[in-house]
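Visitor: Got a predicted model here, sequence first, then my questions.
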Amino acid sequence: MKRILTIAFVLLVVSATAFANSRPGKRVLFTQDWRFHLGEVANGQDTGLDDAQWRLLDLPHDWSIEGEFSENAPSGTGGGALPGGLGWYRKTFTVPLTSKGKVALVEFDGVYRNSEVWINGHYLGKRPYGYSTFMYELTPHLNYGGGPNVIAVKVDNSQQPNSRWYSGSGIYRNVWLTTLDPVHVEQWGTYITTP
């Protein structure tokens, strides 16, 4: 009997883990065809900004590892002796007319650090940390039916040292675009407990 209970418990944990972060609706990887600029850009969030000369890349991306190693780097040897700094990411995308009336979210698995996010020039918020996931709702600011949408992310890792180990700089984990029906279960809205 004890072995059956142990097997049942293991299956329950595996099942709960498999579905713990699943979301209803359409969730797509949002990592291709971003533009990147290392350094400050005045009004980098403006939709009319010409970013054609910015570097085209796919995420995840870490600009620090592309830098020069230096014993004099502000990050120190504990931070990998690599540069930090400030960078901008931008992506232009379209949303089909069939998505109108639904809820659109952008989810970042990790950005190091002090990121600020805009959609079509509208400020969504600041995440002052670098290791936690976070998301913003895009719905009220989107253009539907083929009109361009511009998401801009400013990442500031210039205050050094700020870590006891190498942290990297930039959008170093995946980004997701999720479309949900207006009535849906919130993220982390369900859970299992043992009273």
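Guide: Done, it's in.
Visitor: from here on, contacts and neighbour counts on C-alpha atoms
Guide: Noted.
Visitor: State the number of residues packed around residue 57.
Guide: 14 (other Cα atoms under 10 Å).
Visitor: ok, so what distance separates it from residue 32?
Guide: Distance, residue 57 to residue 32, by Cα to Cα, to the nearest Å: 7 Å.
Visitor: can you count the residues close to residue 52?
Guide: 8.
Visitor: now do residue 119
Guide: By other Cα under 10 Å, 26 other residues sit near residue 119.
Visitor: Give the bridge partners for it, please.
Guide: residue 122, residue 151 (DSSP bridges).
Visitor: which residues sit in contact with it?
Guide: 45, 138, 141, 142, 149, 150, 151, 152 (Cα atoms under 8 Å, 6 or more residues apart in numbering).
Visitor: same deal with residue 132?
Guide: Residue 132 touches 109, 110, 111, counting by Cα under 8 Å, 6+ apart.
Visitor: Residue nearest the middle of this structure, spatially speaking?
Guide: The chain has residue 108 as the residue nearest its centroid, 2.0 Å off, counting by Cα atoms, centre = their mean.
Visitor: just the strands in the chain please.
Guide: 26-29, 34-38, 55-57, 85-93, 103-108, 115-119, 122-127, 134-137, 149-157, 175-180 (DSSP state E).
Visitor: could those go into JSON lines alongside distance to residue 64?
Guide: Shown next, in JSON lines, are the strands of the chain (distance: least, Cα to Cα, whole Å):
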{"stretch": "strand 26-29", "distance to residue 64": "24"}
{"stretch": "strand 34-38", "distance to residue 64": "10"}
{"stretch": "strand 55-57", "distance to residue 64": "15"}
{"stretch": "strand 85-93", "distance to residue 64": "8"}
{"stretch": "strand 103-108", "distance to residue 64": "19"}
{"stretch": "strand 115-119", "distance to residue 64": "16"}
{"stretch": "strand 122-127", "distance to residue 64": "19"}
{"stretch": "strand 134-137", "distance to residue 64": "22"}
{"stretch": "strand 149-157", "distance to residue 64": "10"}
{"stretch": "strand 175-180", "distance to residue 64": "19"}
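Visitor: sorry, back to before: and the nearest residue to the residue nearest to the centre of the chain once chain neighbours are set aside, what does it touch?
Guide: Distances taken as Cα to Cα, 6 or more residues apart in numbering place residue 175 nearest to residue 108, at 4.6 Å, with adjacent residues excluded. For residue 175, the contacting residues are 29, 30, 31, 59, 106, 107, 108, 109, by Cα under 8 Å, 6+ apart.
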